[in-house]
Each structure stands twice: as C-alpha cells, then as structure tokens.
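>>> test case, fold it:
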Amino acid sequence: MLAEGLIFSTIVVLSIFLPITYITGRWIGSKCGWVAFIPLLYSFIASLMLIPLVSSIGPVHLLIPLVPSIGLNFGFLVDGLSLPIIFTITLLCTVVSIYSMPYMEHHIGEDKAQHAAYYTLYILYALGMIGTALSTNLIQFYFFWELMLLPSWALINIWGYGEREKIALKYFIYTHVGALGLLAGILTLYSIYGTFELPLIASLSRFTHPSEYLKWAVVVMFFGFAVKMAIVPLHTWLPDAHAEAPTPISALLSPAMIGLGGYATVRIIYSAFPDVWGSFSLALSVLALITMVYGGAMALAQDDIKRLLAYSSVSQMGYILMGLSSADPVGLGGAMYHYVSHGTCKAILFMVAGALIIETHGLRSISKFGGLAKKMPLTAVTALIGFLGIAGTPPLNGFQSEWMIFTGAFHGAIESHDAMRLIVVALGLVGSVLTAGYALWTIRRVFFGPLKSELEDVHEPSILVLAPMMVLAFFTVLLGIYPRILMDLLASFLSQI
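Residues are numbered from 1 along each chain as shown. Okay, here's the model as predicted:
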C-alpha cells in the first residue's frame with residue numbers, strides 16, 4: 001500500500017500545487033519558485049523511497065477504473081524500467097526549479113504575473129513527463145504525451161529568445177504531427193487487440209502472429225517517438241527550440257523530455273512486440289549512426305554554446321537509438337541508463353551555459369569566452385564533469401551507459417550473423433570520438449587560455465545557480481561509481497521480458 005500511495009500522491013500533489021503556485025506567484029513574484037519546489041521535492045523523495053520498495057517487492061501497478069467497458073482506465077506502473085526514468089525526471093525538475101529563480105528573475109525582472117505563469121506551466125510540464133513515464137493505458141499515455149507539449153510550447157513562446165514565436169510554432173507542429181502518428185498506432189492496436197491496456201496487449205501479442213497492420217502500427221508509433229527524440233532527419237525542430245528556450249527549460253527539454261521517446265519505444269514497442277522490433281534492427285542501427293555522427297559534427301561547427309549543446313543532444317539520442325536497435329538486453333539496458341547519464345550531464349551543461357549568460361550579460365558566443373576557469377572555478381569543474389560524462393569517460397555515469405550500448409549492439413549483430421550491422425556498430429564506436437572532440441574543444445575555448453579583458457569582472461554565479469549544478473555533478477559521479485542503484489532495476493525488468 002505504501003508504494004501505491006507514493007505513486008498516487010505524486011500525481012495528486014503536483015496537480016494540487018498548480019493553482020496554489022499561480023495564486024501565490026501573483027502575490028510574491030519570483031519567490032513562488034520555492035512554492036513550486038515543494039511538490040517537485042516531494043516527487044523526488046517519493047522516487048527515492050520507491051527504489052528499495054520496487055527492488056524488494058517487484059513492480060507496483062495502480063489501476064483506477066474510468067470507463068472499463070471501452071478499456072479506459074488510469075493505470076500507473078512503477079517497475080525496473082519506469083523507476084530510473086522517474087528518478088531522473090524528478091531529480092532534474094527539482095534542481096532546475098531552484099536554478100530557475102535567479103535565472104528567470106534576471107530574464108524577466110519583477111513581473112509577478114509572469115513568474116506566476118512560468119512556475120505554474122513548469123509544474124504542469126513536470127506532471128506531463130512523470131505521467132508519461134508512469135502510464136500503462138495507451139490513451140492515458142497519449143494524454144500525458146501531449147500534456148508535455150502544451151506547457152513546453154508556451155514556455156518557449158512566451159519567454160524564449162530570438163524569433164521565439166516562430167520557433168515555438170515549428171516545435172509545436174513537428175511534435176504534434178509526431179504525436180498524431182503515435183495516436184494512429186494506438187488506435188490500430190486497439191482495433192487488433194480490443195484494449196488500450198498495454199500489459200494485456202503484451203500478453204495477447206505472444207499468442208498471435210504479427211500482421212501487416214501490426215507492423216505498420218509499430219512504424220507509425222516509432223515515427224512519433226523518433227520525432228520527439230529528434231532522430232535525423234526528423235531533428236530540425238530541436239536546435240532552434242533548445243537553443244532559444246529559456247535556459248532552465250532547455251535543461252529539461254534536452255535531458256528529460258526527448259529521451260522519453262526512447263523509453264516509450266521500450267515500454268510500448270519492444271516489451272510487447274520484440275520480434276517486430278528486431279526485424280528493423282539494421283535500418284535502425286543505420287539511422288542511429290547517422291544521428292550520432294551528424295549531431296556530433298554539427299556540434300563541432302557551432303559558436304553559440306546553446307546551439308552546440310542542442311546538436312549534442314541530437315547526437316546523444318543516436319546513442320540511445322543504437323542501444324535500442326540492438327534488441328539485446330545489455331544494449332537496451334545501456335540505452336535506458338544513457339537516459340539517466342545524459343539527463344544529469346546535459347542538465348549540468350545547459351545550466352553552465354545559463355550561468356555564463358547571466359555573468360557575462362547575455363554572451364553566448366564561444367569564441368568570445370576564454371580563461372574563465374580563473375574567475376569561475378566551481379562552474380568550470382561542473383562543466384568538465386558534464387562534458388566528460390557525455391563523452392563516456394570513467395568513472396562517470398556516461399561511461400557505464402556507453403559501454404553497455406556498444407556491447408549490446410555488437411552482441412546483437414554477432415548473434416544475428418549480420419555483417420552489415422556489425423560494420424555499422426563499429427563505425428558508431430569510431431564516430432563516438434566526435435563527442436570527446438566537441439566536449440574538450442569547448443572546455444578549452446571557454447575556460448582555459450588567456451582571460452579576455454572584457455571578462456575581468458566575471459565571477460561565480462549565486463549559490464542558487466551553482467548548487468543545482470553541483471548536486472547533479474554529485475549524482476553523475478555517484479551513478480558512475482555505483483551504477484547498481486538503478487542498474488539492478490533495469491536488469492530485473494529486462495530479465496522478465
């Protein structure tokens with residue numbers, strides 16, 4: 001009962017605090033960030049409490065009937081797959097809510113109404129991501145999937161940079177079209193199996209031969225997930241949206257939201273239709289290789305630090321897809337652990353970018369930085385941890401996920417006796433040097449070398465900016481040295497399917 005109560009209360013507490021945050025924000029302005037912090041911290045503590053519970057008693061399924069006659073229920077599942085994802089989302093949302101206070105005060109001033117709206121949309125965005133990771137009913141899943149889109153679109157449209165309205169519209173159109181593909185796939189599954197309940201669909205699929213309709217349902221659903229993941233060539237919305245979003249939102253869009261496409265692929269497609277998914281392994285591995293290399297090469301070519309991080313996220317989604325394409329338990333586990341490692345590392349890096357923007361009065365050009373380690377040593381250390389993490393350097397968590405991804409990919413190719421897949425995976429391993437290239441090159445240009453004269457007055461940001469980065473740096477190291485905290489959960493799930 002404790003586990004079910006934690007799941008239900010997380011959704012309820014976040015929902016209750018939506019009007020509370022807006023009302024208090026109209027009264028106290030930017031300080032309402034502390035009000036938003038309360039339910040987010042509760043959700044993170046709940047995810048920590050669920051780790052030993054799920055490890056000891058197994059998956060926890062909470063079902064709330066709505067219209068059972070047509071298969072509409074609210075189903076929430078915490079198991080070895082969803083719990084690492086929920087842990088990452090709640091961790092990022094909690095620390096970024098603190099980071100948002102000084103950043104948004106710098107960005108929009110003291111307008112109380114704007115702060116109230118920002119933090120209300122922020123909680124709604126967090127609720128959408130958490131609900132997506134918990135859902136087992138496909139209509140409910142689609143509801144939360146779209147719920148992620150609406151507040152994130154508004155956050156970019158209202159508080160973004162540059163041509164924010166145009167960029168937000170492009171983001172909305174791309175991801176909504178992808179969501180319509182997902183909906184078409186969901187409705188096709190209902191027509192085949194007569195239910196929206198994913199566990200029941202997974203059970204029924206084991207006793208039926210895959211039809212052509214089922215294969216097309218898998219294709220259109222993955223299309224929706226691939227748009228969200230920004231897999232090349234469906235990626236063009238991401239560099240604009242992530243670069244021009246308010247930096248705290250960039251720190252959630254890139255690390256937390258886009259990776260949910262990979263999670264959904266495992267939860268909906270692979271767990272229910274592993275044979276159908278495995279039949280596309282070669283094509284998916286080629287797509288992963290293109291995404292990895294293209295994103296890394298484009299990151300190397302950027303001068304704007306936020307656009308560099310945005311293209312880096314495209315490349316990192318290629319790593320996740322490489323693990324998914326392996327259809328191998330080790331590769332799948334590595335892909336899901338890469339969601340965690342990319343989450344902590346990329347959130348650090350976007351927050352570092354925001355700290356630089358605050359302290360240099362809006363500067364984003366990498367070529368205009370230099371020597372900042374002398375002025376911002378703690379920021380430089382956290383940036384180094386973030387960049388080395390996504391480059392897969394031991395003992396950080398990115399190393400743990402990357403070796404599993406490529407081990408699983410090689411094993412899957414060898415087991416299937418597919419020489420072409422083996423070549424593609426080998427090229428992906430060689431291409432991963434691009435990540436280290438843009439990571440080290442950026443660190444060198446921003447934090448080392450001679451200090452520019454116009455940066456003499458730069459100093460460390462406030463503790464509300466620095467502390468969230470240091471918390472994530474701690475988890476990046478901890479989950480690299482001791483990955484068992486979450487890896488045992490993933491292993492338990494993969495062993496069952």
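>>> next secondary structure after the worst-scoring helix or strand of the chain on mean pLDDT?
Scoring the helices and strands of the chain by mean pLDDT, DSSP states H and E places strand 60-67 at the bottom, with a mean of 82. Scanning forward in sequence from strand 60-67 by DSSP states H and E, the next helix or strand is strand 72-78.
>>> hmm, back to that, now the least confident helix or strand of the chain against strand 72-78, angle please.
Calculated by axes from the mean of the first three to the mean of the last three CA atoms, to 10 degrees, strand 60-67 forms an angle of 170 degrees with strand 72-78.
>>> buried sites along strand 60-67?
By 16 or more other CB atoms under 10 Å, the buried positions in strand 60-67 come out as V60, L62. Every residue, glycine included, has its C-beta placed from N, CA and C.
>>> ok, now stretch 441-456?
T442, I443, R445, V446, F447, L451, L455.
>>> how near is the residue lying closest to L155 once chain neighbours are set aside to M257?
Closest residue to L155 apart from its sequence neighbours, by CB to CB, 6 or more residues apart in numbering: I249 at 4.8 Å. Separation of I249 from M257 (CB to CB, to the nearest Å) stands at 10 Å.
>>> cool, and I443?
26 Å.
>>> quick one, what contacts the nearest residue to S326 once chain neighbours are set aside?
When the adjacent residues along the chain are set aside, S326 lies closest to G412, with 3.7 Å between them (CB to CB, 6+ apart). By CB atoms under 8 Å, 6 or more residues apart in numbering, G412 lies in contact with S281, S325, S326, A327, D328, G331, R421.
>>> run the last query once more with 10 Å
Taking CB atoms under 10 Å, 6 or more residues apart in numbering, we find G412 in contact with 278, 281, 285, 323, 325-332, 418, 421-422, 425.
>>> from those, pick the one nearest Y190.
Closest approach to Y190 among the contacts of G412 (CB to CB): G278, at 23.7 Å.
>>> ok, now how distant is I156 from L260?
In terms of CB to CB, I156 sits 17 Å off from L260.
>>> tell me which residue is most central in the protein.
By CA atoms, centre = their mean, the chain has its centre lying nearest to A256, at 2.3 Å.
>>> how near is that residue to W277?
24 Å.
>>> what is the orientation angle of the strand or helix carrying M49 with strand 72-78?
Here M49 sits within helix 32-57, counting by DSSP H and E. On the basis of the same axes, to 10 degrees, helix 32-57 is oriented at 80 degrees to strand 72-78.
>>> state the mean pLDDT of helix 32-57.
Helix 32-57 carries an average pLDDT of 94.
>>> repeat that for stretch 297-308.
Taken as a whole, stretch 297-308 has an average pLDDT of 94.
>>> same thing with stretch 486-497?
88.
>>> what count of nearby residues applies to A383?
Neighbours of A383 under the rule other CB atoms under 10 Å: 27.
>>> which residue, other than its chain neighbours, is closest to it?
Closest residue in space to A383, ignoring its immediate chain neighbours: V352 at 4.5 Å, by CB to CB, 6+ apart.
>>> how close does that neighbour sit to G296?
Relative to G296, V352 is positioned 19 Å away (CB to CB).
>>> look at the two and report which has more neighbours.
V352 (28 against 24).
>>> what sits against the more buried one?
By CB under 10 Å, 6+ apart, V352 lies in contact with 247, 251, 305, 309, 376, 379-380, 382-387, 446-447, 461, 465, 469.
>>> picking that back up, joint contacts of I249 and M257?
In contact with both I249 and M257: Y125, S152, H242, using CB under 10 Å, 6+ apart.
>>> mind listing which of those residues are in strands?
With strands taken from DSSP state E, there is no overlap with these.
>>> can I get those residues in JSON lines with distance to S56 and neighbour count?
Formatted as JSON lines, the shared contacts of I249 and M257 follow (distance: CB to CB, whole Å; neighbours: other CB atoms under 10 Å):
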{"residue": "Y125", "distance to S56": "32", "neighbour count": "25"}
{"residue": "S152", "distance to S56": "36", "neighbour count": "26"}
{"residue": "H242", "distance to S56": "39", "neighbour count": "30"}
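>>> from these, pick the one nearest G343.
G343 has its nearest neighbour among these in H242, at 14.1 Å by CB to CB.
>>> what is the neighbour count of the residue nearest to A436 when sequence neighbours are not counted?
Of all residues not flanking A436 in the chain, A391 sits nearest, at 4.4 Å (CB to CB, 6+ apart). Here the number of neighbours of A391 (other CB under 10 Å) works out to 21.
>>> residue ranges in the protein under the pLDDT threshold?
For the chain, the stretches flagged by pLDDT under 70 are 70-71, 208-210.
>>> follow-up on the earlier one: I156 and L260: which is more packed in?
A count of neighbours by other CB under 10 Å puts I156 above the other of I156 and L260, at 27 against 23.
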